[in-house]
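J.: structure for this input, please:
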Amino acid sequence: MSSTATVQAPVEAPTKPQPIFRKDYKPPAYLVDTVHLNFILSEDITHVHSKLSLKPNYTANGSAPPLVLNGRDDVKLVDLKVAGVPVPESGYEVTPKHLTIKSPPTGPFELEVTTAIKPQDNSLLEGLYKSGGNYCTQCEAEGFRGITYFLDRPDVMACYTTRIEADKTKYPVLLSNGNLKEQGEVDDGRHFAVWEDPFPKPCYLFALVAGDLVTKEDTYTTGSGKAVTLRIYTQPANIDQVDFAMASLKKAMKWDEDVYGLEYDLDLFNIVAVDDFNMGAMENKSLNIFNSRLVLADPDSSTDLDYARIEGVVAHEYFHNWTGNRVTCRDWFQLTLKEGLTVFRDQSFSADMNSAPVKRIEDVAILRASQFSEDAGPMAHPIRPDSYIKMDNFYTVTVYEKGAEIIRLYHTLLGPEGYRKGMDLYFKRHDGQAVTCDDFLAAMADANGEDLSGIGKWYSQAGTPTLMVSTSYDAAKKTFTINTKQTTPPTNGQPDKLPVLIPLKVGLLGPDGTDLPLHLEGKGDVGTSTVLRCDDTANTFTFTDIEVSEVMSVGKGPSRLHWVLCYSCLCSVCKLGVLSFI
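T.: Numbering: from 1, shown residues only. Sure, this is the predicted structure:
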């Protein structure tokens with residue numbers, strides 16, 4: 001095929017969108033070890049040259065299956081080579097959504113693809129687009145296929161080297177993932193930069209920014225003594241408003257080391273904040289891209305809510321470096337694996353930086369106002385859905401906020417030390433891998449020797465459970481009994497519900513508010529508070545050696561709680577203020 005020819009994909013008749021099912025997951029037939037990209041940015045047509053080192057991931061049976069790459073109808077194929085040899089037209093097929101290499105070699109091989117795109121005409125704002133005079137990318141969930149033909153799925157992880165070439169006057173800043181390895185000038189007033197990311201990542205984390213931006217720089221020294229350069233890029237008029245975001249980033253880096261033992265892994269961390277970024281923020285490896293409103297803070301006009309939001313979102317995107325980037329999702333059904341976990345992490349960070357009770361009230365208010373109603377309506381879905389037509393529809397409060405509450409269940413059941421043991425094992429097992437929610441559950445269970453199968457139902461079942469709690473005191477036997485019953489109303493496609501594991505943290509208080517020692521029947525002494533596992537339709541828990549009728553302090557998970565108390569107990573609860581969210 002001629003290197004100057006451009007192949008136009010044939011026009012296909014519109015078809016009814018077909019759902020994709022989680023049960024149909026199959027590993028890719030090919031994996032990618034390394035990706036070398038060369039972007040030649042221009043005002044009309046941008047050319048993207050990619051060189052992929054592929055290896056088979058199929059069972060050898062004598063012949064290699066076709067290599068099917070994802071694409072988009074606004075991506076034009078210019079050149080195609082396998083092992084350095086041009087592929088004849090009979091050896092491939094182009095459609096609006098795919099490029100198929102009909103007979104690839106057996107064994108590892110190199111694939112070279114050159115595409116032509118027009119970022120300035122990309123109204124989808126997915127892939128590489130131009131807006132406000134700057135080039136920018138948004139590749140999650142399926143935007144990379146709008147740049148070049150590729151295996152656009154999160155379980156294909158590769159190490160990327162990216163070269164960017166552009167007009168130096170119009171686009172003095174050229175950024176991509178990883179560390180800057182080389183930069184210089186070429187002919188006709190153009191310049192280039194080469195970026196290298198040594199850590200494997202899925203293509204949805206690829207990022208490129210080219211534009212007329214200014215920067216503010218700082219440094220952070222990790223616990224092991226490594227100096228990390230921190231830079232925030234903005235449009236020139238906004239650079240004086242990034243100090244709070246920079247301070248928030250440094251606090252997040254320190255907190256992640258202290259609480260999770262996770263250090264930053266590169267020499268450079270960049271944030272780009274532009275007014276017309278179409279998403280709120282994106283955690284691309286080492287190059288986070290934000291809408292300006294989530295980075296800029298002006299002491300004369302920004303509110304307390306603005307500052308809190310900036311601190312939380314900057315931390316959230318940074319925390320993704322480990323929970324989402326170093327360990328990512330096998331498929332998009334597992335989205336809550338990275339988002340629910342990272343929301344829990346940013347909630348915990350904000351609680352530690354500010355007032356934990358106030359933060360918890362804010363999070364529960366969002367859960368009750370938005371997620372509970374979503375769970376009760378026609379759009380109810382589990383945090384790990386079973387099917388989708390377009391993945392963008394599942395970036396929901398259920399996947400994010402309810403997903404965070406499921407992570408909180410682990411934390412409540414296992415305690416801070418047990419939860420940390422589980423996280424340590426999760427990273428030890430899966431660093432550099434694309435995994436599932438089941439892998440996370442297994443790491444938590446194995447690290448603590450616990451049966452956590454009851455939590456698994458939360459991943460597949462929609463709806464908000466209601467937990468009825470009643471108590472009784474037997475003066476003759478000196479026992480205090482807690483009875484629980486849980487129900488979950490039917491939701492669309494799930495008329496019958498199974499009981500889920502709901503942790504109920506309880507403590508008994510004397511009339512003066514003193515915490516009393518607890519003796520749980522079947523377990524013995526459990527301290528002054530314990531976590532009860534409500535994992536059946538009905539559960540009964542009996543505390544022995546209780547001298548007087550006490551008051552119970554109760555916390556719960558992402559469920560509705562109905563608490564039946566006698567009048568005197570209720571008065572004591574109000575007087576002592578013992579209710580809390582956990």
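
J.: what about the helices in this structure?
T.: In the chain, the segments counted as helices under DSSP state H are 243-260, 304-319, 335-353, 356-366, 372-375, 397, 403-430, 437-448, 453-460, 567-576.

J.: pLDDT weak spots in this structure?
T.: The chain contains residues with pLDDT under 70 at 1-14, 549-582.

J.: I'd like the helices of the chain laid out as a markdown table, including distance to Arg190 and mean neighbour count.
T.: The way it works is simple: take the backbone N, C-alpha and C, and place the C-beta from them, glycine included. As requested, the helices of the chain are arranged in a markdown table below (distance: least, C-beta to C-beta, whole Å; neighbours: other C-beta atoms under 10 Å):
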| stretch | distance to Arg190 | mean neighbour count |
| --- | --- | --- |
| helix 243-260 | 31 | 19 |
| helix 304-319 | 31 | 20 |
| helix 335-353 | 37 | 24 |
| helix 356-366 | 48 | 15 |
| helix 372-375 | 49 | 18 |
| helix 397 | 45 | 19 |
| helix 403-430 | 42 | 20 |
| helix 437-448 | 46 | 20 |
| helix 453-460 | 50 | 19 |
| helix 567-576 | 71 | 14 |
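
J.: I'd like to know which of the ones you listed lies nearest to Leu504.
T.: When the helices of the chain are compared by C-beta to C-beta, helix 403-430 sits nearest Leu504, at 9.1 Å.

J.: name the helices or strands packed onto the closest one?
T.: helix 243-260, helix 335-353, helix 437-448, helix 453-460, strand 502-509, strand 530-534 (3 or more C-beta pairs under 8 Å, 6 or more residues apart in numbering; DSSP states H and E).

J.: okay, now the nearest residue to Val186 once chain neighbours are set aside: neighbour count?
T.: Excluding the flanking residues, the one nearest Val186 by C-beta to C-beta, 6 or more residues apart in numbering is Phe192, at 6.0 Å. Applying other C-beta atoms under 10 Å, we find 18 residues neighbouring Phe192.

J.: so Phe192 bridges to which residues?
T.: Glu165, Gly184 (DSSP bridges).

J.: export the helices of the chain to TSV and tack on distance to Val469?
T.: As requested, the helices of the chain are exported to TSV (distance: least, C-beta to C-beta, whole Å):
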stretch	distance to Val469
helix 243-260	32
helix 304-319	32
helix 335-353	25
helix 356-366	18
helix 372-375	18
helix 397	26
helix 403-430	16
helix 437-448	26
helix 453-460	18
helix 567-576	12
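
J.: now for these, which one comes closest to Pro511?
T.: Nearest of these to Pro511, taken as C-beta to C-beta: helix 567-576 at 7.0 Å.

J.: closest to Leu31 out of the helices of the chain?
T.: helix 403-430 (16.5 Å).

J.: got the angle for that closest one vs helix 356-366?
T.: Computed by axes from the mean of the first three to the mean of the last three C-alpha atoms, to 10 degrees, the angle separating helix 403-430 from helix 356-366 equals 110 degrees.

J.: between helix 403-430 and helix 243-260, how big is the angle?
T.: For helix 403-430 against helix 243-260, the angle between stretch directions is 60 degrees (the same axes, to 10 degrees).

J.: how close does the residue nearest to Arg533 when sequence neighbours are not counted sit to Gly456?
T.: Excluding the flanking residues, the one nearest Arg533 by C-beta to C-beta, 6+ apart is Leu501, at 6.0 Å. Separation of Leu501 from Gly456 (C-beta to C-beta, to the nearest Å): 9 Å.

J.: with Phe427 instead?
T.: 21 Å.

J.: before we move on, the earlier item: I'd like the helices and strands packed on helix 403-430 laid out as JSON lines, including distance to Ile45.
T.: Below are the helices and strands packed on helix 403-430 laid out as JSON lines (distance: least, C-beta to C-beta, whole Å):
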{"stretch": "helix 243-260", "distance to Ile45": "36"}
{"stretch": "helix 335-353", "distance to Ile45": "34"}
{"stretch": "helix 437-448", "distance to Ile45": "42"}
{"stretch": "helix 453-460", "distance to Ile45": "45"}
{"stretch": "strand 502-509", "distance to Ile45": "57"}
{"stretch": "strand 530-534", "distance to Ile45": "61"}
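
J.: ok, which of those comes nearest Asp545?
T.: strand 502-509 (10.9 Å).

J.: by how many degrees do the closest one and strand 530-534 diverge?
T.: Using the same axes, to 10 degrees: strand 502-509 against strand 530-534 is 140 degrees.

J.: packing partners for strand 502-509?
T.: Looks like strand 502-509 contacts helix 403-430, strand 466-474, strand 479-487, strand 530-534, strand 551-554 (3+ C-beta pairs under 8 Å, 6+ apart).

J.: most remote residue from the middle of this protein, which is it?
T.: For the chain, the residue at maximal distance from the C-alpha centroid (C-alpha atoms, centre = their mean) is Ala476, at 53.6 Å.

J.: gap between that one and Glu142?
T.: For Ala476, the distance to Glu142 - C-beta to C-beta - is 66 Å.

J.: please enumerate the strands of the stretch 51-200 of the chain.
T.: 67-70, 76-82, 85-86, 92-94, 98-101, 109-117, 127-131, 134-138, 157-167, 173-176, 179-186, 190-202 (DSSP state E, counting those that start in this stretch).

J.: nearest to Val397, of those strands?
T.: Using C-beta to C-beta, the nearest of the strands of the stretch 51-200 of the chain to Val397 is strand 134-138, at 20.9 Å.

J.: can you put the helices and strands packed on strand 502-509 in JSON lines and add distance to Ser302?
T.: What follows is these, written out as JSON lines (distance: least, C-beta to C-beta, whole Å):
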{"stretch": "helix 403-430", "distance to Ser302": "26"}
{"stretch": "strand 466-474", "distance to Ser302": "40"}
{"stretch": "strand 479-487", "distance to Ser302": "43"}
{"stretch": "strand 530-534", "distance to Ser302": "40"}
{"stretch": "strand 551-554", "distance to Ser302": "38"}
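
J.: and stretch 210-223, end to end?
T.: End-to-end span of stretch 210-223 (C-alpha to C-alpha, to the nearest Å): 33 Å.

J.: give the buried residues for that stretch.
T.: 210-211, 213, 216, 218, 220 (16 or more other C-beta atoms under 10 Å).

J.: and the residue nearest to Arg533, how many neighbours?
T.: When neighbours are counted by other C-beta under 10 Å, Leu501 registers 20.

J.: how far away from the center of its chain is stretch 180-187?
T.: On the basis of C-alpha atoms, centre = their mean, to the nearest Å, stretch 180-187 sits 33 Å off its chain's mean C-alpha point.

J.: same check on stretch 135-145?
T.: Put simply, stretch 135-145 sits 16 Å off its chain's centre (C-alpha atoms, centre = their mean).

J.: repeat that for stretch 348-363.
T.: 20 Å.

J.: which outside residues touch it?
T.: Stretch 348-363 has contacts (C-beta atoms under 8 Å, 6 or more residues apart in numbering) with 251-252, 255, 259, 308, 311-312, 315, 319, 347, 401, 404, 580-581.

J.: stretch 366-384 too?
T.: 22, 333-336, 340, 394, 396-399, 401-403, 405-406, 437, 458-464, 489, 491-492, 558, 560.

J.: quick one: terminal-to-terminal distance for that stretch?
T.: Start-to-end span of stretch 366-384 (C-alpha to C-alpha) is 20 Å.

J.: flag every buried residue along that stretch.
T.: Buried residues in stretch 366-384 (16+ other C-beta under 10 Å): 367, 371-372, 374-375, 380-384.

J.: swap in stretch 63-71?
T.: 64, 67-71.

J.: tell me the two of those residues that are most distant?
T.: Largest separation among the buried residues of stretch 63-71 by C-beta to C-beta: Ala64 and Gly71, giving 20.2 Å.
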